[in-house]
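**Student:** Kindly generate the corresponding structure for this input.
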Amino acid sequence: MPLDSSSGIDSTKHSCIAARWKANENGSISCPPKDLGGCGSALLELRSMFKENAVVELVEKSEAIAKDLSLETVLKYPKQQCLCYTSIDEIEFANNKPRKAASREDSTDNYLYCPKAKDVQNRNLKHFQRHWTKGEPVIVTNVLENTPGLSWEPFVLWRVLCRIKSNKFEQHVKAIDCLDWTEVEINLHQFFKGYMYGRLGYCLWPQILKLKALPASKKFEEHLPRHHAEFLCCLPFKEYTLSHCGLNLDTKLSEVLPKLEMGPELHLAYGVAQELGRGDSVTKLHCNMSDVVNVLVHAAEVKLKGERLASIMMLKERHHVQDLKEIFGMKKKVDRV
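**Tutor:** The predicted structure follows:
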């Protein structure tokens, strides 16, 4: 049933069923109920694609290769050589490059390298490599400043997609409900409208939806050629981030090996700034097969009215009471600090 249907019966029933699916007292997890696509009886088994010591062995092999090729001097950069630090081992805030990511005591990596896009054009590659070789994420700001300035507003993209005469997109698409990670059907126009104005579901619950790969990555350049060109133009450190450049390992893979899906892909997601406290994120913890470049091309604020904010607060309070009972075994409500 599409989400823009006025009934809402299916979503309510689904939420009730999902609420009953919990871990057992001994920590085991049963297969989901039949209504959620499982058998409802067997226990789920945690499996791994790799053997137990695979990561340790991989690290040891990597260290051996680095030693044989005398890469220690390349991989180890004295902190004094990094432009993010001063000579007295303090973070240099004047250049506005570091961004605080953690508050760990006795740690030297609480900050991430965060240059501006205009500062990394044709230079600072070695500085980037110093952080990249240590496996640190890098945040580059204002990347769209180096582009022609096409609009990435949702309705602009929607109008472009609607003008495609061949292989027209369906009026209804399948999106992901990020609260329970179910696949739901929604009218494409209603999805884009929800991005700009917000969208409420059963009992005025804010819907957090995500639409992945629209259009599919293989069709992105064909259907959105100008936006595809602008996306490639805005990428920093193109020696690494462009799929055809020499420092991108995808260009080094043998033709007999399966090629990774290098994109680009367009993901659209929206929710509410007031988190509901139930892991309401549009992206869950996961592992990618390769390093990923995420570019935020558009963001919009949805201003909720007073009655909507009040409904959110009531739901958060009800969830707090339910969590105390189910997780901590408390029957009475306690005040939160």
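
**Student:** Who are the contact partners of the most centrally placed residue in the chain?
**Tutor:** Taking C-alpha atoms, centre = their mean, the centroid of the chain lies closest to T283, which sits 4.2 Å from it. Neighbouring residues of T283 by C-beta atoms under 8 Å, 6 or more residues apart in numbering: K210, A269. No exception for glycine: its C-beta is placed from N, CA and C like everyone else's.

**Student:** Give me the distance between V156 and M196.
**Tutor:** 11 Å (C-beta to C-beta, to the nearest Å).

**Student:** just R20 next, same as before
**Tutor:** Distance, R20 to M196, using C-beta to C-beta: 35 Å.

**Student:** Between those two, point out the one with more neighbours.
**Tutor:** Using other C-beta atoms under 10 Å, the more surrounded residue of R20 and M196 is M196, with 14 against 9.

**Student:** Give me the mean pLDDT for whichever strand or helix holds the more buried one.
**Tutor:** Using DSSP states H and E, M196 sits in helix 188-197. Across helix 188-197, the average pLDDT comes to 82.

**Student:** Return the per-residue confidence for the residue nearest to the centre of the chain.
**Tutor:** Per-residue confidence at T283 stands at 73 (pLDDT).

**Student:** before we move on, what about V293?
**Tutor:** 88.

**Student:** And for Q81?
**Tutor:** What the model reports as pLDDT for Q81 is 51.

**Student:** With L179 as the reference, measure out to the residue lying closest to W21 once chain neighbours are set aside.
**Tutor:** In space, and not counting its chain neighbours, W21 is closest to P32: 5.6 Å by C-beta to C-beta, 6 or more residues apart in numbering. P32 is 16 Å from L179, where distance means C-beta to C-beta.

**Student:** out of the two, which sits in the busier spot?
**Tutor:** Each of P32 and L179 has its neighbours counted (other C-beta under 10 Å); L179 has more, 20 against 15.

**Student:** The more buried one contacts I208, correct?
**Tutor:** Yes: with contact defined as C-beta atoms under 8 Å, L179 counts as touching I208 (5.7 Å).

**Student:** What is the burial count for the nearest residue in space to L200 that is not next to it in sequence?
**Tutor:** In this structure, L200 finds its nearest non-sequential neighbour in P206, 6.0 Å apart by C-beta to C-beta, 6+ apart. P206: 23 surrounding residues under other C-beta under 10 Å.

**Student:** Could you report the pLDDT at P206?
**Tutor:** 72.

**Student:** hey, which helix is longest across the protein?
**Tutor:** Assignment by DSSP state H gives helix 306-326 as the longest helix of the chain.

**Student:** what is the rounded mean pLDDT of that helix?
**Tutor:** For helix 306-326, mean pLDDT rounds to 74.

**Student:** Also stretch 105-123?
**Tutor:** 78.

**Student:** buried set for it?
**Tutor:** For stretch 105-123, the neighbour count (16 or more other C-beta atoms under 10 Å) marks Y111, L112, Y113, C114, P115, K116, A117, D119, V120 as buried.

**Student:** now stretch 234-250
**Tutor:** Across stretch 234-250, burial judged by 16+ other C-beta under 10 Å covers C234, L235, P236, F237, K238, Y240, T241, L242, N248.
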